[in-house]
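Peer 1: Got a sequence here, can you model it:
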Amino acid sequence: MANHTVAPVYNDLKLISTPENIIRTEGMRRILACRRALMSALKDAINYGYSDAEIDELYETEASVFKNMREWEAL
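Peer 2: Next up is the predicted model:
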């Protein structure tokens, strides 16, 4: 079984007082919370017997979603 890295946990993101930075910090906090939930779900999938290829495909899908999101934001 392949070893999969798990994203680091950032629990103490400090708010910076400008509205733009507050929005960015809150957005990052939400992204990290969702990413932790995704990593937990992927770990569960590994434990339920999904193959390494299936898990790798899920990780690739996650990466492509973030890539597409950045491209769509640039439009």
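Peer 1: only C-alpha atoms for contact and neighbour calcs from this point on.
Peer 2: Will do.
Peer 1: Mean confidence (pLDDT) on stretch 39-52, please.
Peer 2: Stretch 39-52 comes out with an average pLDDT of 83.
Peer 1: residues of that stretch that come out buried?
Peer 2: Across stretch 39-52, burial judged by 16 or more other CA atoms under 10 Å covers 39, 42.
Peer 1: Look up phi and psi at residue 50.
Peer 2: Residue 50 adopts backbone torsions of phi -60, psi 150, taken as degrees, to the nearest 10.
Peer 1: list the contacts for it?
Peer 2: By CA atoms under 8 Å, 6 or more residues apart in numbering, the contact list for residue 50 is empty.
Peer 1: run the last query once more with 10 Å
Peer 2: 42-44 (CA atoms under 10 Å, 6 or more residues apart in numbering).
Peer 1: residue boundaries of the helices in this protein?
Peer 2: Applying DSSP state H to the chain gives helices spanning 19-47, 52-74.
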